[in-house]
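Participant: My questions concern the predicted model and sequence given below.
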Amino acid sequence: MPARSALVILVRQASASVLKHAGPTFMSSARVVQFVALTNAGSFCAPTGDPIHNRASAVPCRRVGRARGPSGIGRAMPYYDTEVGCAYPRRSRDSSEMSTANKVQCMREKIESLATVVLMVAAATMVGVYLSDRSRTSLGIDAVAIQNWEQHNNAGIRLGSADAPVVITEFMDFTCPHCRNLVPVVDSLYQSFPNEVALVFLHYPIRGRPFSMELAVAAECAAEQHQFWEMYRVIYSQPAIQSLDGLYTLAAAAQVPDLEEFSNCLIRPHESFSRIIEGRRIGEGTGVPGTPWVWLNGTPVSSPTYHALVKAAEKQGVRLKGP
């Protein structure tokens, strides 16, 4: 198929979709625009129906020259009938009747055209406001800080100075691929600003996901041997486990010193791991929608990119500086 033909087909399909969803008001406005353009060109095309689909049935364009009236001179004024979709000289019908009908019709079409423009501008404005709000929320600009967030952080595992002015709290699930993508972001921020940034990990295992709770328990068992953050990075850097035997492989990679003690820890009831239970309780109580979910000094940041976290910190009056 020639490129030009393909382009024509795409344009027709796009136009048809617009006309289908915009409704009769837009159709009327489209015909008015088409008619005005042809009038300015000195010719009139008279579509018998939809100007997009019925191109083959359109009446050929005809030039309307000067028509002699009673005074012998004068130009024939066009009349456009939106009911039948045709344009013809007004003087082809009764002059007074067409003049009144034409005025009423033109007024209605002008109002409809104006209403269409107003609606389009209003819709564009609403979309702009919506996108702006989402952008501001993603940067943590308009979000509201969680009450008692510092107390909630006591249920997590902290990395960094207790006096750090920026505390990033992360609700994580060890089987979540999006959490895996967040790890290098927060690690990079922590390594860039070790004196200003601290990390707090809160368990938020998603119910029903295979190995979600088992991996949370394995991380807690590693934490009992002071290897939580090593286990944390190994879990997110290694391929997803396919069986419980994979927990021992992860523990070895995280250099957990006593694998027998680690094995005995794994078989304990899940309810005995208070940090896991408390992390889930806090997440549900504060409206965490899923993982990963991030607070910066207690303020949610829904799109926690490196740039967004730095900007959110600056919004709270903390300008991050390197060592």
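Facilitator: Structure's in. What do you need? Numbers count the residues shown, from 1 in each chain.
Participant: Pull the contacting residues for residue 259.
Facilitator: 248, 251-252 (Cβ atoms under 8 Å, 6 or more residues apart in numbering). All C-beta atoms are positioned from the backbone trio N, CA, C, and that covers glycine.
Participant: how about the helices in the stretch 201-323 of the chain?
Facilitator: For the stretch 201-323 of the chain, applying DSSP state H, counting those that start in this stretch gives helices covering 212-223, 228-237, 246-253, 259-266, 274-285, 306-315.
Participant: In the last one, which residues are buried?
Facilitator: When neighbours are counted by 16 or more other Cβ atoms under 10 Å, the buried residues of helix 306-315 are found to be 308-313, 315.
Participant: Turn these into CSV, columns for pLDDT and distance to residue 180.
Facilitator: Formatted as CSV, the buried residues of helix 306-315 follow (pLDDT from 0 to 100; distance: Cβ to Cβ, whole Å):
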residue, pLDDT, distance to residue 180
308, 94, 18
309, 95, 17
310, 94, 22
311, 94, 23
312, 94, 22
313, 94, 24
315, 93, 27
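Participant: Dump those residues to TSV, plus distance to residue 259.
Facilitator: TSV is the format used below for those (distance: Cβ to Cβ, whole Å):
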residue	distance to residue 259
308	40
309	36
310	40
311	44
312	41
313	40
315	46
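Participant: For residue 146, state which of those residues is nearest.
Facilitator: Nearest to residue 146 out of the buried residues of helix 306-315 is residue 312 (Cβ to Cβ; 13.8 Å).
Participant: Just the buried ones out of the contacts of residue 259, please.
Facilitator: 248, 251.
Participant: Throw the contacts of residue 259 into a markdown table and include pLDDT and distance to residue 238, thanks.
Facilitator: Conversion of these to a markdown table gives the following (pLDDT from 0 to 100; distance: Cβ to Cβ, whole Å):
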| residue | pLDDT | distance to residue 238 |
| --- | --- | --- |
| 248 | 96 | 12 |
| 251 | 97 | 11 |
| 252 | 97 | 11 |
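Participant: ends of stretch 157-170, how far apart?
Facilitator: End-to-end distance for stretch 157-170, by Cα to Cα, to the nearest Å: 10 Å.
Participant: list the buried ones in that stretch?
Facilitator: For stretch 157-170, by 16+ other Cβ under 10 Å, it's 157, 159-160, 164-170.
Participant: Pick out the most distant pair among these.
Facilitator: 157 and 165 (19.8 Å).
Participant: From residue 232, how far out is residue 270?
Facilitator: Distance of residue 270 to residue 232, computed by Cβ to Cβ, to the nearest Å: 19 Å.
Participant: So between these two, which is more surrounded?
Facilitator: Of the pair residue 270 and residue 232, residue 232 is the one with more neighbours under other Cβ atoms under 10 Å, namely 22 against 13.
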